[in-house]
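1. give me the fold of what follows.
(one chain, ligands or ions: 1)
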Amino acid sequence: MTLQKLTAQEQTDALAKLSAWSLVDGREAIKRTLQFKDFNEAFGFMTRVALYADKHDHHPEWFNVYNRVEVTLATHDVQGLSIRDVKLAQFIDEISKQ
Ligand SMILES: C[C@H](O)[C@H](O)[C@H]1CNC2=NC(N)=NC(=O)C2=N1
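-> Here you go, the predicted model:
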């Protein structure tokens, strides 16, 4: 089955459960900023996400400075959001427990 873009209703429902995430202005994508104790914790988090991303062939856009990681999720193949973004966001929430 080909990857589907989420409908507006599916997007709303998904975001209602992903309370730490918000829509990016002017783009169909979601973002979240995470703060860790130090760089070691931040990079450990990024390593876990990287392993997930490679396994699921779905990769985050992200920016790291010391203990802060800004993550943006979108599905480039559909130029918007898909279930893969929801699953990756849920994974990030689970492992960061912030
Ligand atoms: C060829 C490869 O499967 C695709 O380019 C994958 C890789 N990782 C990806 N990651 C994200 N975030 N969106 C994609 O559409 C995507 N596509």
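
2. which bits of this protein sit near the ligand?
-> Neighbours of the ligand within the chain, by Cβ under 6 Å from any ligand atom: 57-59, 74-77. C-beta here means a position set from N, CA and C on the backbone, and glycine is covered the same way.

3. can you tell me which of the residues you listed are buried?
-> Neighbour-count burial (16 or more other Cβ atoms under 10 Å) is assigned, among these, to 58, 74-75.

4. hey, where'd the helices end up in this structure?
-> Secondary structure of the chain (DSSP state H): helices at 8-17, 39-56, 83-96.

5. can you tell me which of those is most buried?
-> The highest mean neighbour count among those, using mean count of other Cβ atoms under 10 Å, belongs to helix 83-96: a mean of 18.

6. which other helices and strands contact it?
-> On a contact count with 3 or more Cβ pairs under 8 Å, 6 or more residues apart in numbering; DSSP states H and E, helix 83-96 meets strand 30-35, helix 39-56, strand 68-73.

7. redo the ones you listed as TSV? Include mean pLDDT.
-> Shown next, in TSV, are these (pLDDT from 0 to 100):
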stretch	mean pLDDT
strand 30-35	98
helix 39-56	98
strand 68-73	98
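
8. pipe the ones you listed into CSV and attach distance to Gln9 per row.
-> CSV is the format used below for the helices and strands packed on helix 83-96 (distance: least, Cβ to Cβ, whole Å):
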stretch, distance to Gln9
strand 30-35, 16
helix 39-56, 24
strand 68-73, 19
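
9. can you say which of these is nearest to Asp93?
-> For Asp93, the closest of those is strand 30-35, at 8.3 Å, according to Cβ to Cβ.

10. just the C-alpha atoms of stretch 63-70, please, in PDB.
-> Extracted in PDB, the C-alpha atoms of stretch 63-70 (Å, rounded to 0.1, in the frame of the first residue of the first chain):
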ATOM      1  CA  PHE A  63      19.000  20.800  15.200                       C
ATOM      2  CA  ASN A  64      21.100  20.300  18.300                       C
ATOM      3  CA  VAL A  65      23.000  22.800  20.500                       C
ATOM      4  CA  TYR A  66      24.500  21.300  23.600                       C
ATOM      5  CA  ASN A  67      21.600  20.000  25.600                       C
ATOM      6  CA  ARG A  68      18.700  21.200  23.300                       C
ATOM      7  CA  VAL A  69      17.300  19.300  20.400                       C
ATOM      8  CA  GLU A  70      14.700  20.800  18.000                       C
END
